[in-house]
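Student: can you look at this prediction? I've put the sequence above it.
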Amino acid sequence: MVLKQRFTVSCDHRNFTECDRCILNLLRQYLMQTDKDNPAFSQWKQILTQFKEAFEEVGVIIVTPEGQVQFMTQQGEKLLSQYFSPYPLNSLPEPLQYWFKHQILLFTSNGKVPSPYLPLHIEKGRKELLVYLISDLIGEKYLVLLEEQELQSFSISSLELLGLTKREAEVLFWIAKDKSNDAIAKVLGCSQGTVRKHLEHIHEKLGVQTRTAAVMVALEKLGLLKGSFVAISS
């Protein structure tokens, strides 16, 4: 009970920044539920620090329902500068404004937003910016999370990341280059029967029945093909 009282008072303390208050609101339910197991008041301070460090690494923007920026981490500001230059200081860049308002409209009309596993993708060079919206209101505000990552390439090493062995990845790589089984066998120095056996394993692992489907699913899984793909056997 003491922790709950201190937490409530601390959320309104004048020394807390907008980011601190936002994170504390995120942690409110957790702290209430774990009060019995966490009698030490310093516990939530440690959690707050960890959350702030994670926020700085990813990039966070606190936004009002109208799209006005209330707070932005340094990483968030850096990413916006890289992908949207110039942009208004107190509001989201125009492309993000359209996306943000559309998500809010979906949320208010259906009570749902797109899965966080389907963020907005913005590509630039060999990198892309992923933009996520946290749908839960926090003090009448929303969280927009920014994360940058390298774009995947279609290579033997990247195909191995899909769970294929090196030999299977090599076979699929050459299939994508429109090589026949005979040609692949000559490149890899093996028999056509061995190539067919590797192809069977590829089909099984990727859940497809054709060579074309295997390539398309691999492209999708690597993020090189946007949208979903339904394999049709031939």
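Tutor: Nice, thanks for sending it over.
Student: okay, CA-based contacts and neighbour counts for the rest of this
Tutor: Will do.
Student: P93 touches Y83, doesn't it?
Tutor: No: when contacts are counted by CA atoms under 8 Å, P93 is not listed as touching Y83 (9.6 Å).
Student: and the two? Which one has more around it.
Tutor: P93 (18 against 15; other CA atoms under 10 Å).
Student: which ones are touching the more buried one?
Tutor: 84, 87 (CA atoms under 8 Å, 6 or more residues apart in numbering).
Student: K205 now?
Tutor: Contact analysis of K205 by CA under 8 Å, 6+ apart lists 163-164.
Student: tell me which element it is part of?
Tutor: According to DSSP states H and E, K205 maps onto helix 192-206.
Student: go on, E66?
Tutor: Secondary structure (DSSP H and E) places E66 outside all helices and strands.
Student: what's the neighbour count on it?
Tutor: Neighbours of E66 (other CA under 10 Å): 13.
Student: could you give me the buried positions within the helix holding K205?
Tutor: Across helix 192-206, burial judged by 16 or more other CA atoms under 10 Å covers 192, 195, 198-200, 202-203, 206.
Student: where does this structure have low pLDDT?
Tutor: By pLDDT under 70, the low-scoring segments of the chain are 1-45, 47-48, 51-52, 54-56, 108-118, 135-139, 152, 225-234.
Student: try 50
Tutor: 1-16, 29-31, 34, 36, 114-117, 227-234 (pLDDT under 50).
Student: could you check which helix or strand contains H121?
Tutor: strand 120-124.
Student: adjacent strands (with direction) for that strand?
Tutor: strand 127-134 (antiparallel) (DSSP bridges).
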